[in-house]
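> pasting the structure only:
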């Protein structure tokens, strides 16, 4: 149970502090601060639990690793279950904390949920949202699979992966709020409901497509250092 527990805690931390930065401190720290909150949470967990589970904390990452040939589907299933549970738990704790402010309303202020269209951040169309999530997840997995491959120095892998997540957020927050991680999207959407739940499919499907594409490229040997 060590690996699923590590994945649960890692995803819990990412959602609590990443989405929490948006919900609790977004007005003060802005897009740059929120972007670094997600990236730094990932960096911290990479060094905290990376030695236990590899710190996927993202079902798309786990699927990309499976497709690349570095993990079996049987090993992946407990990871994915734990990641989704961790994302839900992180969103639940964030909701409890945010609700401690008298003027907070989950319907108005949300939980850092992902989305697109009229009334959502930059009001980008669904096509733009889908393309961004596929491409951003693909590039994110290229960094992850490249930085963690055998024969590659991995001491700085956590830093490289975390900083890549920062860059993805800097570019994409106004487009979709940035998912590249189905567990990060499912947790907040469950508690916000409404539009967030009706749109969450995109933040499951698009990251999976991007991750699988990256995994296939590494499996083919085109980018693998081995």
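Structure received. These figures come from a predicted structure and were not determined experimentally.

> Select the longest helix from the protein.
In terms of residue count, the longest helix belonging to the chain (DSSP state H) is helix 20-53.

> quick one: furthest residue from the center of the chain?
Most distant residue from the mean C-alpha position of the chain: residue 102, 29.3 Å away (CA atoms, centre = their mean).

> thought residue 82 was touching residue 1?
No: counting by CB atoms under 8 Å, residue 82 does not reach residue 1; the two are 9.2 Å apart. In short, each C-beta sits where N, CA and C put it, glycine included.

> These two: which is more packed in?
Taking neighbours as other CB atoms under 10 Å, residue 82 and residue 1 compare with residue 82 leading, 27 against 8.

> so the helix or strand containing that one versus helix 20-53, what angle?
Following DSSP states H and E, one finds residue 82 within helix 73-98. If you take axes from the mean of the first three to the mean of the last three CA atoms, to 10 degrees, helix 73-98 sits at 150 degrees to helix 20-53.

> Now the closest residue to residue 122 other than its chain neighbours. Its backbone dihedrals?
In space, and not counting its chain neighbours, residue 122 is closest to residue 174: 3.5 Å by CB to CB, 6 or more residues apart in numbering. In terms of degrees, to the nearest 10, the main-chain angles of residue 174 are phi -70, psi -20.

> Check the burial of residue 174 by counting its neighbours.
By other CB under 10 Å, the residues close to residue 174 number 14.

> Tell me who's in contact with it.
With contact taken as CB atoms under 8 Å, 6 or more residues apart in numbering, residue 174 is in contact with 31, 121-122, 124.

> Please apply the same query to residue 19.
90-91, 94, 111-112, 184, 187-188.

> ok, so what distance separates the spatially most central residue of the chain from residue 173?
Centroid-nearest residue in the chain: residue 181, 3.4 Å away (criterion: CA atoms, centre = their mean). Relative to residue 173, residue 181 is positioned 14 Å away (CB to CB, to the nearest Å).

> Perfect, I'm done here.
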